[in-house]
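A.B. asks: Take a look and give me a structure for this.
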Amino acid sequence: MSRQSSRLVPQLQQETTVHITTDGIVLRERAMHDHDSILTLLTCERGIISAYARGVRKPRSTLRASAELISCSCFVLFCNKGNYSLDKADLTQLFMGVRGDVEKLSLASYFCQLTAEIAPHEEQGGEYLSLLKNTLYLLDQDKRSCAFLKPVYELRLLTMAGYMPNLVACAGCACYESEQMFFLPQTSVIVCKDCVQKYPADQLRMPLTRGVLTAMRHILYADHQKLFAFTLSEPSLKRLGDITENYVMMQTEKRYDTLDFYHQIMAYHQAT
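C.D. replies: Residues are numbered from 1 along each chain as shown. Here you go, the predicted structure:
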C-alpha cells in the first residue's frame, strides 16, 4: 500500500464510523434472536432509521423501556457505513396515558406505522418528530379526542411528506366556495357541484360541508403552534376522518393493519 493510500484509510474510517446523539421515538420494535431487537426510529437528526439493539429484551436491560413503542428518548447511536446500533438511551417520555388505553394505543400504533411509511429516511426529521410528539401528548392528556387527532395527523403528515392537496379553490372554475363542494382524493383537488360533472362518474367524490373544508384548510396551512386550535361537531369530525383516511390509502396505495385494528376496537366499544 502506498503512503498516499495508507493516509486515506483513517480518513475513510472517520467518515463512515461515527457516534450520533439525537432525540427520537420508537415507531416499531422487531424481535431478533433471543434478546435483541431491530428498532425503527423517527429521529430529529436523520429521520427514519433502523437500529440494532443488542440485549435490549433482557429482563434487566437498562434499555428495555426506551425500546418500547412510542417511547421517547435521547438516543446514542453508533453508525458504521450506514448501519446503526443502539449504544445507550436516556428515556424522556413514555406516554403512560396512551399505553393504558387500548383505543389510544391502537391509534398511536397507526400513527407510528403511517409515519414509518412516508416520513423521510436519512434526512432531517425534526418537524415530523415534533408533530408526532405533540399529537401523542394531546392524546395522552385527554386534551383532544381520537376522532379529532386522527384526521389532523393524517392530513398534516401527508402534507409534510409531499402529498399536499390543492384546497385553495375549485380545480375547474377557481371559485373559493360554493353551495356544494367535493373533495377528490384520487386527484387531490376540490371541485364545485358544477365542475364535478366533468370528472369520471366512477371517481370517488366526497361531499364537503363548509365547516369540514375550513378545517382541512386550517390543517394544511396553519402554523404548527395553532394546528390543533379549532373545533368541529362530532358528525363533521366523522366526515373529516372518512375523507382523510381515504386520502391516505389512495395516495400511499396501501392498507394499514394498525388502522384496521383501531377500527375494530372502536366498533367493539360502540357495540358495548
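A.B. asks: If we ignore the residues flanking it in sequence, what's nearest Arg217?
C.D. replies: Of all residues not flanking Arg217 in the chain, Leu167 sits nearest, at 5.2 Å (CB to CB, 6 or more residues apart in numbering). The C-beta positions use only the backbone N, C-alpha and C, and glycine is treated the same way.
A.B. asks: which phi and psi does the one you found have?
C.D. replies: Dihedral pair for Leu167: phi -110, psi 10, per degrees, to the nearest 10.
A.B. asks: immediately after the one helix or strand Thr244 maps to, which helix or strand?
C.D. replies: Take DSSP states H and E as the rule and Thr244 turns out to sit in helix 234-252. Sequence-wise, the next helix or strand downstream of helix 234-252 (DSSP H and E) is helix 257-271.
A.B. asks: residues of the helix holding Thr244 that come out buried?
C.D. replies: Across helix 234-252, burial judged by 16 or more other CB atoms under 10 Å covers 236-237, 239-241, 243-248, 250-251.
A.B. asks: and if you look at stretch 97-115?
C.D. replies: Buried residues in stretch 97-115, counted by 16+ other CB under 10 Å: 98-99, 101, 103-115.
A.B. asks: Contacts for stretch 158-174 next, please.
C.D. replies: For stretch 158-174, the surrounding residues in contact (CB atoms under 8 Å, 6 or more residues apart in numbering) are 118-120, 127-128, 131, 175-176, 178, 181, 183-185, 187-192, 194-196, 198, 213, 216-217, 219-220, 247-248, 251-252.
A.B. asks: Buried by neighbour count, from those residues: which ones?
C.D. replies: Among the contacts of stretch 158-174, those classed as buried by neighbour count (16+ other CB under 10 Å) are 118-120, 128, 131, 178, 181, 183-185, 188-192, 195-196, 213, 216, 219-220, 247-248, 251.
A.B. asks: and the end-to-end length of stretch 159-174?
C.D. replies: End-to-end span of stretch 159-174 (CA to CA, to the nearest Å): 21 Å.
A.B. asks: Closest one to Ile70 out of the buried residues of helix 234-252, please.
C.D. replies: Closest to Ile70 out of the buried residues of helix 234-252 is Val248 (19.5 Å), distances taken as CB to CB.
A.B. asks: Next, count neighbours for the nearest residue to that closest one once chain neighbours are set aside.
C.D. replies: In this structure, Val248 finds its nearest non-sequential neighbour in Glu154, 5.2 Å apart by CB to CB, 6+ apart. Burial of Glu154 is recorded as 23 neighbouring residues (other CB atoms under 10 Å).
A.B. asks: quick one, phi psi at the nearest residue to Cys195 once chain neighbours are set aside?
C.D. replies: Counting by CB to CB, 6+ apart, Gly172 is the residue found nearest to Cys195 once chain neighbours are left out, at 2.8 Å. Backbone torsions of Gly172, given as degrees, to the nearest 10, read phi -90, psi -50.
A.B. asks: mean confidence score for stretch 139-146?
C.D. replies: In this model, stretch 139-146 has a mean pLDDT of 97.
A.B. asks: Noted, bye for now.
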